[in-house]
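**Q** What follows is a predicted protein model with its sequence.
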Amino acid sequence: MSFKLTPRIHEEVANFLSDKKRLFELTQQHGSPLNMLFPALMLRNISGFQSVLKNNLDRSQMYYAHKPNKSAELLHPIKEAGVGVDVASLSELKNALEVGLAPEAIEATGPKNDQFIQRGVEVGITFNVDSHTELKLVLEESARQRKQTRVYLRLNGFSAKHTQVRWGESRFGILVKDVHASLRLLVDHKESLKLVGFSFHVNAGGKKERLIAIENAIECTLEARKLGLNPQFMNIGGGFPITYLADQEQWHDYISALKQSVLGRGQRLSWNDSGLGFKNRGGALEGGPNFGEFYRELVKEHELEDLLNAHLPTYKQPVKTILNEMLIGLAIEPGRALLDQVGVTMTQVLDVKETSSGDQVVIVDMNRSNINAIDMEFMCDPVLITQSEKCDEPFSGFIAGNLCLHSDLIYRHKTFFSRKPSRGEVFVFINTGAYNMNFVESATLGQPIAETVIIKDGVVCSTER
């Protein structure tokens, strides 16, 4: 029995991939692996969020999180749409400035070295401050340059009396219980620091956690205002999910079959019976998946709208109502959600071979770092671009990379195809633009970093490395 994980493919991407001759020419010209970006599709994603923000809130701000994709080309549609950018390194800040984004539209997040802080203060960006120590460093640099720098205070350590929600440990942010010291510093140095508001980040799907964090941020806002500060915004970060697959039933069927295979029922679906995070403990299933939800119904701006209409437990009113009544604007930092369908990754097939246990392995001319983000399994079938129209028997196997390492498995889950791939044919991995394309890419063993081609109006218009 076969189990498919058919990718959802935007029409513009599908049209480009339909020209097989061109795809083979691109791999010959630019090598394997090869990334392709469709920047225009970002505008569609941006528009969805902008509509929700405009229809629900009196004031709002959106920052594109640069970190999921290194391409500076993707900052052009950001600028065109009037969106800001969230940068997490000095290099990303340079990209934003070179594209012509105004400093007022740039926000810096994450840990920051001295050079990052110095340049950020110099040009006048907003700092999303990660700790009290970092706040003092920004203060010292602002005083030295005789500038007033805008700052968010990133919060952590949320709590609520009305519910018991377990929070995963986070290394980011200032504990809510300790935020008063940072507020006092802001009060004492208004000439150098201006508090924009409070921020936090909750991973995708954490609605209850987000509501508690919002309530905690509101409490901090009220405390700051009592101290004579004037915070105007709350930044709830990103974490808005996307859906990778075209069919919900396929997703549920595959995961169900994977769990059964771990329990010794049905065919093996994971490399070396690894279970992809699931384990068999005496006939009982334990553990959890080392992959996310690849099919979701509530995604992108729809999840944001659902959150804005959810009632805050303490106030018993929708989030949007409370924010508007308290004159608190909302800022968001979507990354993955703005890159939905924007990128694909191609690679050539090198070989197909059989293991001693009878499994088939397809060897491709790329390695695991070219397609995976922080060792999370990418649960989505690649599109096989064939050189002929012949129909063989259905084929299934695992996909391995070009490194001389046992661990270089592109896919540790079994993939099912309509026919056996052949050397020289091409796999296209869909929707790799966020994180998977180049977040952890490496030139290990001298294998090349993928070149990137930019597609506009169906034509290759430029390249990046």
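**A** The structure has been received and is ready for your questions. Numbering: from 1, shown residues only.
**Q** Can you give me every residue that contacts residue 106?
**A** Residues in contact with residue 106 (CB atoms under 8 Å, 6 or more residues apart in numbering) are 84-85, 87, 93, 96-97, 123, 125-126. Heads up, the C-betas are built off the backbone N, CA and C, glycines and all.
**Q** Using TSV, please lay out the residues you listed together with secondary structure.
**A** Shown next, in TSV, are the contacts of residue 106 (DSSP: H, G, I helix; E, B strand; the rest coil):
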residue	secondary structure
84	strand
85	strand
87	strand
93	helix
96	helix
97	helix
123	helix
125	coil
126	strand
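**Q** I'd like the average pLDDT over the strand ranked longest in the chain.
**A** Looking across the chain with DSSP state E, the single longest strand is strand 343-354. For strand 343-354, mean pLDDT rounds to 97.
**Q** Centre of the chain to that strand, how far?
**A** Remark: strand 343-354 is offset 24 Å from the chain centroid, using CA atoms, centre = their mean, to the nearest Å.
**Q** related to what we said a few turns ago, most neighbours among the contacts of residue 106, please name it.
**A** In terms of neighbours by other CB atoms under 10 Å, these top out with residue 87 at 30 neighbours.
**Q** Surely it is in contact with residue 105?
**A** No: when contacts are counted by CB atoms under 8 Å, residue 87 is not listed as touching residue 105 (10.7 Å).
**Q** Which single one of the contacts of residue 106 is nearest to residue 234?
**A** Using CB to CB, residue 126 comes nearest to residue 234 of those, at 13.8 Å.
**Q** Would you check that the closest one makes contact with residue 148?
**A** No: counting by CB under 8 Å, residue 126 does not reach residue 148; the two are 11.5 Å apart.
**Q** so can I have CSV of the contacts of residue 106 showing pLDDT and distance to residue 448?
**A** Shown next, in CSV, are the contacts of residue 106 (pLDDT from 0 to 100; distance: CB to CB, whole Å):
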residue, pLDDT, distance to residue 448
84, 98, 33
85, 98, 28
87, 98, 27
93, 98, 27
96, 98, 27
97, 98, 29
123, 98, 34
125, 98, 34
126, 98, 37
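**Q** Could you provide those residues in CSV, with additional columns for distance to residue 344?
**A** Shown next, in CSV, are those (distance: CB to CB, whole Å):
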residue, distance to residue 344
84, 27
85, 23
87, 25
93, 28
96, 25
97, 29
123, 34
125, 32
126, 33
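**Q** of these, closest to residue 432?
**A** Lowest distance from residue 432 to the contacts of residue 106 (CB to CB) belongs to residue 85, with 20.8 Å.
**Q** show me the residues around that closest one that make contact.
**A** 63-64, 66, 75, 78, 92, 96, 101, 105-107.
**Q** any chance you could map the helices in this structure?
**A** 11-17, 20-30, 40-56, 75-80, 90-99, 114-123, 132-145, 179-188, 207-226, 248-262, 300-308, 319-325 (DSSP state H).
**Q** Among these, which comes closest to residue 338?
**A** Nearest of these (CB to CB): helix 40-56, 4.7 Å.
**Q** Please tell me I have it right and residue 378 contacts residue 435.
**A** No: assessed by CB under 8 Å, residue 378 is found out of contact with residue 435, at 9.6 Å.
**Q** The two: which is more packed in?
**A** The neighbour count for residue 378 versus residue 435, taken as other CB under 10 Å, is higher for residue 378 (26 against 19).
**Q** Report the contact partners of the more buried one.
**A** Here residue 378 is in contact with 291, 371-372, 411, 429, 432, 436 (criterion: CB under 8 Å, 6+ apart).
**Q** Which of those has the largest number of neighbours?
**A** Using other CB under 10 Å as the neighbour criterion, residue 432 leads these with 30 neighbours.
**Q** Please report how far it lies from residue 456.
**A** 19 Å (CB to CB, to the nearest Å).
**Q** cool, residue 48 as well?
**A** For residue 48, the distance to residue 456 - CB to CB - is 21 Å.
**Q** Compare these two (neighbour count), which wins?
**A** residue 48 (19 against 13).
**Q** In contact with that one, which residues?
**A** Here residue 48 is in contact with 300-301 (criterion: CB under 8 Å, 6+ apart).
**Q** Use 697 as the first number for this chain going forward.
**A** All right, first residue 697 from here; so that's residue 744.
**Q** And it, how close does it get to residue 936?
**A** Residue 744 is 10 Å from residue 936, by CB to CB.
**Q** go on, residue 915?
**A** 24 Å.
**Q** quick one: which of those two has more around it?
**A** The residue with more neighbours, out of residue 915 and residue 936, is residue 936; 26 against 14, by other CB under 10 Å.
**Q** Does the more buried one touch residue 1029 like I think?
**A** No: in this structure, residue 936 is not within contact of residue 1029 by CB under 8 Å, at 9.4 Å.
**Q** Count the residues that sit near residue 747.
**A** Neighbours of residue 747 (other CB under 10 Å): 12.
**Q** swap that for residue 752, please
**A** 20.
**Q** As a check, name the ranges of all strands in the stretch 1047-1161 of the chain.
**A** For the stretch 1047-1161 of the chain, the strands defined by DSSP state E, counting those that start in this stretch cover 1056-1060, 1079-1081, 1091-1096, 1105-1113, 1122-1126, 1147-1152, 1155-1160.
**Q** per-domain residue ranges of the chain.
**A** Annotated domains of the chain cover 707-734+1038-1160, 736-937+991-1035, 944-983 [automatic domain parsing].
**Q** where are the low-confidence patches of the stretch 797-946 of the chain?
**A** Counting by pLDDT under 70, the stretch 797-946 of the chain contains low-confidence residues at 859-865, 900-901.
**Q** one more time with 50
**A** By pLDDT under 50, the stretch 797-946 of the chain contains no weakly predicted segment.
**Q** rewinding a little: so what sits against both of residue 744 and residue 936?
**A** Counting by CB under 8 Å, 6+ apart, the residues touching both residue 744 and residue 936 are 996-997.
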